[in-house]
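Visitor: Pasting the sequence and the predicted coordinates here, then a few questions.
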Amino acid sequence: MNAEGIYDAVVIGAGVVGASSAWHLAQAGLSVALVDAEGPAAAASGASDGAVSVASKKPGPLARLATASLLYTRDLAQGGPLSSAYHPRPSYIFGTGSAESAAIDALIAKLAQLGTAVRLRADGDATLLPGVGTGIDRVVALEGEGHMPGYAAVQGYLREPRIDRFWPAPVTALEESGSEVRIVLGTQTLRAKRVIAALGTATPRLFPTLPVLPRAGQLFVTDRGLAGQLPGALTSAAYLLAKTTAPSVLPKPPVVIDPLATGQYLIGSTREDHGDPTRVDFETLRELMLRAVEAWPALRARRVIRAFAGVRAAVSDGLPIVGSAPGYERVLLATGFEGDGICLSAVIGREAARMTAGLSPDAALAADFAALSPARFAQVQEGAA
Amino acid sequence: MFNPEILIVGAGLAGVAAATELARAGHPVLIVDRAARAGGAIHRQPLPGQAGVATAAARWNRLIAEAEALPIRWAFETRFNGVDHQGTALLTGAENRMLRPKALILTTGAREAVRPRPGWTLPGVTTAGAAQIQLKTMGAAPQGRVVLAGSGPLLIALGAQMTRLKNPPVAIVEAGRPFAHPLTSLRLPLGYLREAAGYMATLLAARVPILTGTRLAAIRAEGETLVSTLTDGNTSREIVADMVCLHDGIRRNDIGLTDCPALSVLRLGDCAEALGARAALEAGRAGGRAMAQALATGTTPTAPNSPLLDRERAAQARLARIYAHDDFAALHSLPSDTVICRCEGRTLDDLRALGPAPRTRELRLLGRFGMGPCQGRFCGEWVARAISDTPQAPVPAHPLGEPRWPAAPIAVADLHAAAPDTGAAPPHPHGVHE
């Protein structure tokens, strides 16, 4: 901070988006503080499955930004902050029945439009990936995606020593006056020229008019096993359908089987419209595991050793919110990524830092960033008022 | 409509006592246990054809005869995997299903604490509690040269039981100095003194060396044998054995056992407070009656209390003073490659790499402590002590995070066979003791 005790920028939220923003600000030579109500990766980032996936993104701005972020994540993994966090691996989508097969066709068309970052390596039946259940009609193999646990990415960014840290420190007020923002942390107050608010599920506390809602997801972890190692994430095509529909439309949660570096499996995930991380139940576990075993029968020999729920911040229209915060001149919002923050965090952090430093976003991405602006809710807010 | 059962987890003294009281009050009761027979840890019954090692057999025989005359349903070789927020419990094993019980009573007993030290994960190193269960089940002492080490009355008891089964331990290594507190000892209840005197007479007659004020600092493997390094603070010596049984006290066993807003949950016996057999029997009976009362009046049951429980509490506090030691301070001077978390193979070095005061989330996500199948049941206390400036001081109940299910790992194959509760009658009529 400068002689008057004012930071160039304060980032609120030490999840993967906030940590990436703080790292990029520090690289630009700005003085920066990172604040969190609990600590690093304490919410959705710490509970994520870690899939860096373009395939699962909604077509349009989100898929284009995800593609740019995937490419940039790979750069940051070459000796940069993500070098021990990001690992490339193949990914597989499986489907049964005509609706899921159509979703896979749409995916292939979407990936072709996005360029060569994620390529279709193979498209066939269950024999394409030895070990897939015989009841599965179609499997596609993709290359170019990877795995990055949220807490590992946050840890990577926080190795940067020029980031001041404040936690546990919930922000109780955010006051802008003239050329300064005051970030009130209970009894302590930080002063900054600019703020990036990567608030996640805490967004409604400071911005109650924005339609950011908690969306919980149950996740289950198995023990290790020698047999049945899956080379990459195996995702139900129903998941692609789920990403474009409201959670209540799908009666059963689509399954994602994620092989962890430890040799364990992470099985997820539901999308439930509440924010209670203690709501984890046996019937959902059984439902998900039944479908997981249909797709990957080797799981039948494993044991489930851990069950938990992560709470994501979801936006009513399914797109994140990135842009100037309503009611503020000097606060940039970067929130509402639902499950997409892991993949998007590299590019969002870079561009949020650019905008905070007074630069315009990367020209190639400017239109896509415009689609994420909180201004899209302005009419809703006026209507509500 | 079918009247849902009260689920009791653990068929030891507390569980069976609670079951009898509830069954007598007219409630349908299902009692489950991982073991093949009722008895718990204290009254573990021998395998068919093996001679038992009776501990206060009359007490158990009276209780089990009373219970078997009542309409209680028993499910052995059945694991309780936990209860979820909706009030659904999962059972796997011989009885494999989900159920929504009317109430839940947890009598899962105690667990054993074993302080990490170099070599504690070697083959041939086990816990004194596990060795005693084996002895009671098989009716025979462990074979070969056996060292019992750590601290607490269980070492003396197991040593005497092994001696009576013709294989006395080569040494009992006790970190405390229990014989240096004769006045405190004399204020223990008569039953405790009589039991201890019996064990001591057996050990003295067999000339079993009892080394007090002595720590077992490290174990190393040499060929087929285990060499233990003992230290009394001034001098060190080595002792050779085929098997080492460690024991550093008992703790309540409550990892993975959650409360549930949809259900009355009562913890009784050692899983509520490790006070031993007499207290477990008393708390089981009183807790069973309290639950029956609460169900009749639609209130929340309260944990039992009585003069006997107060006396047992005082006796346990005296035992703790008699066996007081400074062994846990050794955690700070262990070699840095000593394994702390056995499930994930994490060492003291891995713990120190997390910095001076790691939070629970960092311990778990970055350190991987408490992330294995035991959910921190065994390593949580040692992680907390090792990162504390005062390793001897009491530690928080759940240093690696609040308990959550599964209480025991869930085999995926069992999960598939576990049909959800449809509100229909249970698979077997009540009163069948299988």
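Guide: Great, that's in hand. Numbering: from 1, shown residues only, chains lettered A, B, ... in the order given.

Visitor: For the stretch 1-150 of chain A, what lies in contact range of chain B?
Guide: Proximity of the stretch 1-150 of chain A to chain B, by CB under 8 Å from any CB of the partner chain, involves residues A:38-42, A:46, A:149. For every residue, glycine as well, the C-beta is placed using N, CA and C.

Visitor: is chain B contacted by the strand or helix carrying A:Ser345?
Guide: Assigned by DSSP states H and E, A:Ser345 falls within helix A:341-356. No: Helix A:341-356 is not in contact with chain B by CB under 8 Å from any CB; minimum separation 14.2 Å.

Visitor: The helix or strand following that helix packs against which elements?
Guide: Using DSSP H and E, the helix or strand that follows helix A:341-356 in sequence is helix A:366-370. Helix A:366-370 sits against helix A:61-76, strand A:321-324, with contacts defined as 3 or more CB pairs under 8 Å, 6 or more residues apart in numbering or on different chains; DSSP states H and E.

Visitor: tell me the angle the helix holding A:Ser345 makes with helix A:61-76.
Guide: 90 degrees (axes from the mean of the first three to the mean of the last three CA atoms, to 10 degrees).

Visitor: if we can go back for a sec, any chance of the helices and strands packed on helix A:366-370 in TSV, plus mean pLDDT and mean neighbour count?
Guide: Below are those laid out as TSV (pLDDT from 0 to 100; neighbours: other CB atoms under 10 Å in any protein chain shown):
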stretch	mean pLDDT	mean neighbour count
helix A:61-76	97	22
strand A:321-324	96	22
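
Visitor: In the stretch 101-250 of chain A, what residue comes closest to chain B?
Guide: A:Tyr151 (4.3 Å; CB to the nearest CB).

Visitor: hang on, I meant the stretch 251-385 of chain A
Guide: Closest point on the stretch 251-385 of chain A to chain B, by CB to the nearest CB, is A:Arg303, at 3.9 Å.

Visitor: what's across from that residue in the sheet?
Guide: For A:Arg303, the beta-bridge partners are B:Ala411 (DSSP bridges).

Visitor: and if you look at the one 4 residues further on?
Guide: Here A:Ala307 sits in beta bridges with A:Phe220, going by DSSP bridges.

Visitor: Identify the residue nearest A:Pro88 in space, chain neighbours excluded?
Guide: Leaving aside its sequence neighbours, A:Pro88 sits nearest to A:Gly146 (CB to CB, 6 or more residues apart in numbering or on different chains; 4.4 Å).

Visitor: Contact residues of chain B facing chain A?
Guide: Looking at chain A, the residues of chain B close enough under CB under 8 Å from any CB are B:81, B:84-86, B:88, B:90, B:98, B:359, B:361-362, B:365-366, B:371-373, B:375, B:404-406, B:409-413, B:415-416, B:418, B:420.

Visitor: per-residue confidence for the residue nearest to A:Pro88?
Guide: With respect to pLDDT, A:Gly146 scores 96.

Visitor: Same check on the one 3 residues further on?
Guide: pLDDT, A:Pro149: 94.

Visitor: Tell me who's in contact with it.
Guide: When the contact criterion is CB atoms under 8 Å, 6 or more residues apart in numbering or on different chains, the partners of A:Pro149 are A:48, A:50, A:85, B:365.

Visitor: Relative to A:Leu260, how far out is it?
Guide: Computed as CB to CB, to the nearest Å, the A:Pro149 to A:Leu260 distance reads 8 Å.

Visitor: same check, this time on B:His325
Guide: Taking CB to CB, one finds B:His325 at 40 Å from A:Leu260.

Visitor: Contact partners for B:Gly124?
Guide: B:Gly124 neighbours (CB under 8 Å, 6+ apart): B:221, B:226, B:242-244.

Visitor: Go through those and flag which are in helices.
Guide: The members of those all map outside helices under DSSP state H.

Visitor: Looks like A:Trp23 contacts A:Gln155 (just checking).
Guide: No: contact criterion CB atoms under 8 Å: A:Trp23 and A:Gln155 do not qualify, at 11.4 Å.

Visitor: Which of those two has more residues huddled nearby?
Guide: Ranked by neighbour count (other CB atoms under 10 Å in any protein chain shown), A:Trp23 and A:Gln155 place A:Trp23 first, with 29 against 19.

Visitor: tell me which element B:Ile8 is part of?
Guide: Counting by DSSP H and E, B:Ile8 is found in strand B:6-9.

Visitor: for the residue lying closest to B:Ile133 once chain neighbours are set aside, what are its contacts?
Guide: Distances taken as CB to CB, 6+ apart place B:Arg44 nearest to B:Ile133, at 5.5 Å, with adjacent residues excluded. By CB under 8 Å, 6+ apart, the contact set of B:Arg44 is B:35, B:133, B:136-137.

Visitor: Let me know the closest of those residues to chain A.
Guide: When the contacts of B:Arg44 are compared against chain A (criterion: CB to the nearest CB), the nearest one is B:Ala35, at 19.6 Å.

Visitor: which residues does that closest one contact?
Guide: When contacts are counted by CB under 8 Å, 6+ apart, B:Ala35 touches B:11, B:44, B:76-77.

Visitor: Kindly state the pLDDT recorded for the residue in chain B that chain A sits nearest to?
Guide: Chain A sits closest to B:Pro409 of chain B, with a gap of 3.9 Å, by CB to the nearest CB. B:Pro409 carries a pLDDT value of 95.

Visitor: Can you tell me which of the contacts of B:Ala35 end up in helices?
Guide: Going by DSSP H, the helices hold none of these.

Visitor: tell me the average confidence for the helix holding A:Ser345?
Guide: On average, the pLDDT along helix A:341-356 is 97.

Visitor: ok, back up a step: isn't the residue of the stretch 251-385 of chain A closest to chain B right up against A:Arg224?
Guide: No: applying CB under 8 Å, one finds A:Arg303 not in contact with A:Arg224, separated by 9.8 Å.

Visitor: That's all I had, so thanks and see you.
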